[in-house]
Structure formats: C-alpha cells, structure tokens
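In: requesting a structural model of the entry that follows:
(one chain, ligands or ions: 1)
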Amino acid sequence: MVTLQQVSLRLSKLEISSAELTSAYLERIGEENLDLGAYLTLCPEKALSAARAVDSRRIKGEKLHPLAGIPMAVKDNFCTEGIPTTCASKMLRDFIPPYTATAVKRLEDAGAVLLGKLNLDEFAMGATGEYSAYYPAVNPHDLTRMAGGSSSGSAASVAADQALFSLGSDTGGSVRLPASFCGVVGMKPTYGRISRYGMIAFASSLDTVGIVTHTMWDNAVVLSVLAGADPMDATCSLTPVPDYLASVSSPVKGLRIGIPKEFYTDDLTPNVEKALREVMEVYRSLGAVLCPMSLPVTEDSLAVYHILSSAEAASNLGRYDGVRFGARGAGNTPAEISQNTKDRFLGGEVQARIASGAAYLLEENLDTYYKPALEKQRFIKTAFAEAFQTVDLILAPTATCEAPRTGGFSRSEKRAFDRFTVPASLAGLPSVSIPCKTEDTLPIGFQLVAPAFREDLLYRAGDAYEREVGRHA
Ligand code: GLN
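Out: Predicted structure coming up:
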C-alpha cells in the first residue's frame, strides 16, 4: 500500500513525475481490470496530458496543491465532460455528458489526474457490486468475494492500488460498506457538505459524495478541496469549511465515544466482534472515554430507508423515458416508448425500486408508507441529536461480517447489508468506515459517526487510531 501523502511528497521533491506515475497506474489497471472489474472506462490520453501539464508547472517551480499530479478515479455516476458516464446501466451506455460535476472539477482544478470511471451497482442501488449491468467489481483481497456496493469500483480500485484515491457516492452506506469489505477508508460527509452538481441523482434527500482513501490524512486533504458552497447546487451548505488537516493528529484524550448496544448484535461474526473490541481498547488506551449507551435507531431504519429512497428514485428515474436522455425502446405512443425503454434498459433491482417507490407515493398509500417513514426518520434524527448531548462520537461496526462470497444472496439479504450504515444516512450525519487492525482475516471496518459538520472529529479520532496501530504514512 502506498498513500497519497507519501506520493505527494515524492512528487514535490521531483523524485518521480506525474506522467511516470500515471503511466504505471494505467499499466497496472490494464493488467488487472479483467479480473477485478473496478473500472468501466479509462481515459489514458486525457490522464497523461493532465499529468504532463502538472509536471511542467512543477518544473517551473510553481507552488502546487498536494493533490497535483495524483492519479484518481471517480464512480461512473459523476458527469465528466466528453467521457462516457453510464451509472453502470444500459440506459446510459451512450451518454457523454456536456459538463463535469463540481466535485470532479474541483479535484482537477487542484491538479489531480483522472484515470477513469469506476464500476458500481446500477444507478448506485445495491450493496454488493453485483448489480452492474456490465460486469461486477470484485474484492481485491479475494476475487471470489464481493467488493461491496454500490461504490464497488471506488473501494476496489484504491484497495488494489489502481488509484490513490477515489470518489464514490453514499446514499445509505455505499461508500462505507465497500470500504469495510475492501480494507480502505470510506467517508460519507454531512448531507450538503459537498456539492452534488453533476452527480446523477438516486435519492436526492440522502445522496452524498463520498471519499475513498488509504488513510485519514489522505481523506482530509481531499475533503478540504471538495467541501463548501456551490452556486450550482442549492442543497450545498453555506456552513464555513474548517481546516480539516489541522484536526488530523490532535489527541483524543478525554473524547467521549458512545458505544450503542443496538449495533453490537448477536449476529456479528466472531472476527467482527473481536476486531471492534480491540478498537475500543485502542481508544481506551489513548485516553478516550467509552460510554455504553442506547441508540434505538437500527430497528426500522432499513425499511424507512427503502421507502424514502425508492420513492425518490421513482421520481428521479422518471426522466429515463426514452425521450430526452438515454436509450430508447420501441413503441407507437409515448407511454409505450417509456415502458419499453425501462423494461429493456434498466436492470431488475432498479425496476423493482421504481415500481415500489411509485406505489409508496400513490395517494391511497401515503398514510401507510411514506408519511410514517418520514415520521420515523424524524425520530432517528432526534435520537442521534440526543445522543450527541452526552457523547462526542459514536463507534459501531460498519457491517456484521467480512466480505462474503459473491452470488447466493436474495434481494432482501443484500439490502440487509446496510443495516448499520443507513441510520447515519437518514440523519444526514457524517460517518466514516476505517479498517480495523486485523491479522489473518479479511478486512473489517469500524464506523464512527459525528454530529453534523463535525468531519474534523472523525479525522481526529480516525487518525489517532491509525497512528496507534501503525497504519499511517
Ligand atoms: N446499498 C444501499 C442501497 O442499495 C445503499 C446504496 C447507496 O448508498 N447508494 O440502496
């Protein structure tokens, strides 16, 4: 494993050039992608010309950002001008956006080099990576196992050293779950912290841009570039952006860490159970105060999440009707065209969610599904707000298990992988999955959740852990 921080230092000392680095990454991807499936599209010419441009600025002695010359990749649901953007769906197989998403643009402006577009579950709906309409991205630690989803390629690429960092999206856990399965850091910021302009919508009240890296420092440097208001996204917050790098390496002595019993269930695998206990011991030894507590938010969260996100997906994906965007099915009337387009170009999971979402929104069903789900979401928000009266952070497993083998899970079993990640999503809170120090097991992630706009606390606590267990640059 090589970190962004280490490579950035070597670039700044002119020990390597970005062009050499970029070529090496492209070569590795070329050799491994057939097996791993992390990438859907590569843009080698664009990447090499961006890398050369950074190199020539550096040679002239320009002061460059730490991301300058760093090879990165983004989930294929971020619009990139002139580069196919498919959402891993047949529906968008020929879509070439006329503009670039704000998040990607900000990274490119800082000098990061885009290698290509990463695989995902179709339209970011899924938890395993298996719902890509093209081919699945699998787990670099064991190719017979799943990478996790929906940001399967985002986690797999970083874990396999096929990018130094990546962007994913996290609506209900899509960055944290694959990060946990692949052994990398996956950060979902506060709702509204990063502009979503140009990130193709799934469930607009929950969608966030996520960041995948090897370490907390790497993650903080990327968020520093991405966070902040954007006139193109009205949901992007005006809350000032703190200095995230300053909080990395602050001590955690005295920090109160809540341990909610609802997340430590009997069905955790023995390895996950043990890994989490050890994380607690590390924090205790660093002087943090562990606070056993109750946080009654796990019970109905999945159902609430699926009602709300499917309802929003039904509305957002209504635009793929064969008229303005995407592929077009046959038919003599607009209704026929729309129906045939959806049947032919959308996968089963996406179709199922659109159908259930549309049903939840029917007038006669509102009082049974949608309204109670909103009510329950308010309850979850309040429960977190109350918890943060007495603790600074919450510590929980990211998932109940290590990456399972691919195949063999029903649709509802796949949905249940998100049990521990959806509560923070429903509450709009920042949350990160960090690799536990493990021996002889597949990767296991632990999850920290902080109050809104306190990503700095996540970086502080995560970095302290990494330093202590020796997973730091
Ligand atoms: N796995 C969850 C789902 O299928 C979360 C997806 C996401 O966060 N984009 O909805």
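
In: quick one: end-to-end length of stretch 110-127, please.
Out: Start and end residues of stretch 110-127 are separated by 31 Å (C-alpha to C-alpha, to the nearest Å).

In: could you confirm whether it reaches the ligand?
Out: Yes. Stretch 110-127 lies within reach of the ligand by C-beta under 6 Å from any ligand atom, at 124-127. All C-beta atoms are positioned from the backbone trio N, CA, C, and that covers glycine.

In: can I get these in CSV including neighbour count?
Out: Supplementary listing: those in CSV, determined by neighbours: other C-beta atoms under 10 Å:
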residue, neighbour count
124, 30
125, 29
126, 28
127, 27
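
In: which two from these end up farthest apart in space?
Out: 124 and 127 (10.5 Å; C-beta to C-beta).

In: overlap in contacts, the two.
Out: Contact criterion C-beta atoms under 8 Å, 6 or more residues apart in numbering; residues shared by residue 124 and residue 127: 150, 174.

In: so what's residue 44 up against?
Out: Contacts of residue 44 were listed using C-beta under 8 Å, 6+ apart, and they are 26, 115.

In: closest to residue 234 out of the residues of stretch 110-127 next to the ligand?
Out: Closest approach between the residues of stretch 110-127 next to the ligand and residue 234, by C-beta to C-beta: residue 124, at 21.1 Å.

In: so who does the closest one touch?
Out: Applying C-beta under 8 Å, 6+ apart, the residues near residue 124 are 75, 77, 87, 150-151, 169, 171, 174, 202.

In: got the residues of stretch 110-127 next to the ligand as a markdown table, with pLDDT columns?
Out: Output for these, formatted as a markdown table (pLDDT from 0 to 100):
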| residue | pLDDT |
| --- | --- |
| 124 | 98 |
| 125 | 98 |
| 126 | 97 |
| 127 | 98 |
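
In: and these as a markdown table, adding secondary structure?
Out: Output for the residues of stretch 110-127 next to the ligand, formatted as a markdown table (DSSP: H, G, I helix; E, B strand; the rest coil):
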| residue | secondary structure |
| --- | --- |
| 124 | helix |
| 125 | coil |
| 126 | coil |
| 127 | coil |
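
In: those residues into a markdown table, with extra columns for distance to residue 158?
Out: Listed next are the residues of stretch 110-127 next to the ligand as a markdown table, based on distance: C-beta to C-beta, whole Å:
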| residue | distance to residue 158 |
| --- | --- |
| 124 | 18 |
| 125 | 22 |
| 126 | 19 |
| 127 | 18 |
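
In: how far away is residue 183 from the ligand?
Out: According to C-beta to the nearest ligand atom, to the nearest Å, residue 183 stands 19 Å off from the ligand.

In: can you get me a residue count around that residue?
Out: Look at residue 183: counted by other C-beta atoms under 10 Å, it has 24 neighbours.

In: pretty sure it is touching residue 437, no?
Out: No. In this structure, residue 183 is not within contact of residue 437 by C-beta atoms under 8 Å, at 10.7 Å.

In: quick one, phi/psi of residue 275?
Out: Backbone geometry at residue 275, expressed as degrees, to the nearest 10, gives phi -60, psi -40.

In: name the residues of the stretch 301-450 of the chain found near the ligand, please.
Out: Within reach of the ligand by C-beta under 6 Å from any ligand atom, the stretch 301-450 of the chain has these residues: 309, 418.

In: can you tell me which of the contacts of residue 124 is nearest residue 213?
Out: Using C-beta to C-beta, the contacts of residue 124 come closest to residue 213 at residue 151, 12.7 Å.

In: right, and residue 72 touches residue 111 too?
Out: No. Using C-beta under 8 Å, residue 72 makes no contact with residue 111, being 10.4 Å away.

In: looking at those two, which is more packed in?
Out: Between residue 72 and residue 111, counted using other C-beta under 10 Å, residue 72 has the larger neighbour count: 26 against 23.

In: contacts only, for that one.
Out: Per C-beta under 8 Å, 6+ apart, neighbours of residue 72: 107, 112-115, 163-167.

In: model confidence score at it, please.
Out: Confidence at residue 72, expressed as pLDDT, is 98.

In: on the three-state scheme, it is what?
Out: strand.

In: tell me, how many neighbours does the residue nearest to it when sequence neighbours are not counted end up with?
Out: Nearest non-adjacent residue to residue 72, counting by C-beta to C-beta, 6 or more residues apart in numbering: residue 112, 4.7 Å away. Residue 112 has 29 neighbouring residues, counting by other C-beta under 10 Å.
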